[in-house]
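> Build me a structure from this.
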Amino acid sequence: MVLVSIVQSKTILFVVAPLISMFVNVNGDKSSMKSSAMTGIYPNLTFLGSILSSSLKISDYRNWDQLEHAHDYLLYPENIGETLSLDETCLSNGDVYTILTNKAAKGRKGALVAMVRGVATDAVSGILRRLPHRKRLSVKTVTTDLSSAMMLTVRKVFPAAKLINDRFHVQQLMSEAVDQLRIRYRWKVLDAENQAIREHRQKKKETKSKAERERIGKWEPERMENGETLPQIVSRSKHIILKHWSKWNEQQKD
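Reported below is the predicted structural model:
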């Protein structure tokens with residue numbers, strides 16, 4: 001029962017159960033242990049011990065030197081390099097953490113330099129200042145997003161580092177600005193189309209004969225070479241205008 005409570009693994013139970021049944025009878029009475037099974041108990045326990053040692057990795061979590069403050073911050077000064085990245089992430093429970101990583105590690109072992117709960121500049125910089133001063137001065141560049149809080153944290157903690165804004169966020173701002181221009185132009189095109197419809201209705205209303213109204217006919221929008229109207233083209237061009245014309249597919253070129 002001790003092994004069952006400690007291991008709590010279906011795989012290990014599958015191995016342990018036959019061994020226990022060798023010296024415990026069906027009724028579970030330990031006093032009626034079969035003497036015939038004693039001859040094979042030691043080899044079996046040795047085999048069991050080898051399985052447990054190879055399959056179970058006992059963690060030294062309770063002896064971890066950062067256990068007391070792990071919920072609030074983690075620091076790994078040995079992972080500091082010349083090029084760092086500072087970003088934030090939101091966990092599944094809603095907590096937001098600031099993450100400092102070494103870009104040279106490329107997301108592998110040794111990438112994490114610090115992890116601090118929250119994004120407030122004073123709180124985050126206060127924790128990051130616990131990193132050795134000499135190592136903080138050795139940092140040459142720190143890449144962040146366009147958050148003013150992140151940039152202020154970098155200036156406070158890494159005074160000798162050059163601040164770099166992430167290309168992704170810069171490109172995102174540019175894309176948003178271009179799309180705003182597209183939307184503004186789309187409304188302009190729609191207003192022009194609505195004005196043309198009103199003028200057509202007014203002209204048809206001012207006619208005095210049925211023949212003249214038939215000559216004017218129904219209003220038809222101006223169509224481009226591909227058969228679409230200008231508002232339709234502007235509406236579906238959100239992703240096209242952000243790509244170089246050489247990368248357009250045949251449908252987009254039409």
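> can you map out the helices along this protein?
2-7, 10-23, 41-55, 121-128, 133-137, 148-157, 167-205, 210-216, 230-235, 250-253 (DSSP state H).
> List the buried residues of the shortest one.
It stands for helix 250-253. The neighbour-count check on helix 250-253 (16 or more other C-beta atoms under 10 Å) flags nothing as buried. To be clear about C-beta, it is placed using only N, CA and C from the backbone, and glycine gets the same treatment.
> what residue ranges in the stretch 101-250 of the chain are flagged as low confidence?
For the stretch 101-250 of the chain, no stretch is flagged by pLDDT under 70.
> The residue nearest to the spatial centre of the chain and Ala70: what is the separation?
The residue lying closest to the centre of the chain (C-alpha atoms, centre = their mean) is Thr89, at 7.4 Å. Thr89 sits at a distance of 16 Å from Ala70 (criterion: C-beta to C-beta, to the nearest Å).
> What of Arg184?
Per C-beta to C-beta, Arg184 is found 50 Å from Ala70.
> Looks like Ile241 contacts Gln180 (just checking).
No - between Ile241 and Gln180 there is no contact under C-beta atoms under 8 Å: 11.9 Å.
> Got the phi and psi for His239?
His239 adopts backbone torsions of phi -90, psi -20, taken as degrees, to the nearest 10.
> Arg184 and Ala70: who's more crowded?
Each of Arg184 and Ala70 had its neighbours counted (other C-beta atoms under 10 Å), and the higher figure belongs to Ala70 (13 against 9).
> residues contacting the more buried one?
Residues near Ala70 by C-beta atoms under 8 Å, 6 or more residues apart in numbering: Trp64.
> And for the one 5 residues further on?
By C-beta under 8 Å, 6+ apart, Leu75 lies in contact with Gln66, Val113, Ala114, Ile127, Arg130, Leu131.
> try 6 Å
The neighbours of Leu75, taking C-beta atoms under 6 Å, 6 or more residues apart in numbering as the test, are Ala114.
> Equivalent analysis for Val119, please.
Val119 neighbours (C-beta under 6 Å, 6+ apart): Glu88, Val96, Thr98, Ala149.
> What distance do you get for the residue lying closest to Gln252 once chain neighbours are set aside to Trp219?
In space, and not counting its chain neighbours, Gln252 is closest to Ile240: 5.2 Å by C-beta to C-beta, 6 or more residues apart in numbering. To Trp219, Ile240 is 28 Å away according to C-beta to C-beta.
> okay, Ile241 and Gln180: which has more neighbours?
Just comparing Ile241 and Gln180: by other C-beta under 10 Å the higher neighbour count belongs to Ile241, 13 against 10.
> How much space separates the more buried one from Lys106?
Distance of Ile241 to Lys106, given as C-beta to C-beta: 33 Å.
> Could you do Thr229 as well?
49 Å.
> One more: Leu67?
28 Å.
> got it, and Val116?
Relative to Lys106, and taking C-beta to C-beta, Val116 is found at 22 Å.
> Which one of these two is surrounded by more residues?
Neighbour tally, Val116 and Lys106, criterion other C-beta under 10 Å: the higher count belongs to Val116, 22 against 9.
> The more buried one is in contact with Tyr73, isn't it?
Yes - here Val116 lies in contact with Tyr73, judged by C-beta atoms under 6 Å, at a distance of 4.6 Å.
> tell me, what's touching those two both at once?
What both Val116 and Tyr73 touch, as defined by C-beta under 6 Å, 6+ apart, is the set Ile127.
> still on that earlier bit, filter the contacts of Val119 to the buried ones?
Applying a neighbour-count criterion of 16+ other C-beta under 10 Å, the buried members of the contacts of Val119 are Glu88, Thr98, Ala149.
> Nice, that's everything, thank you.
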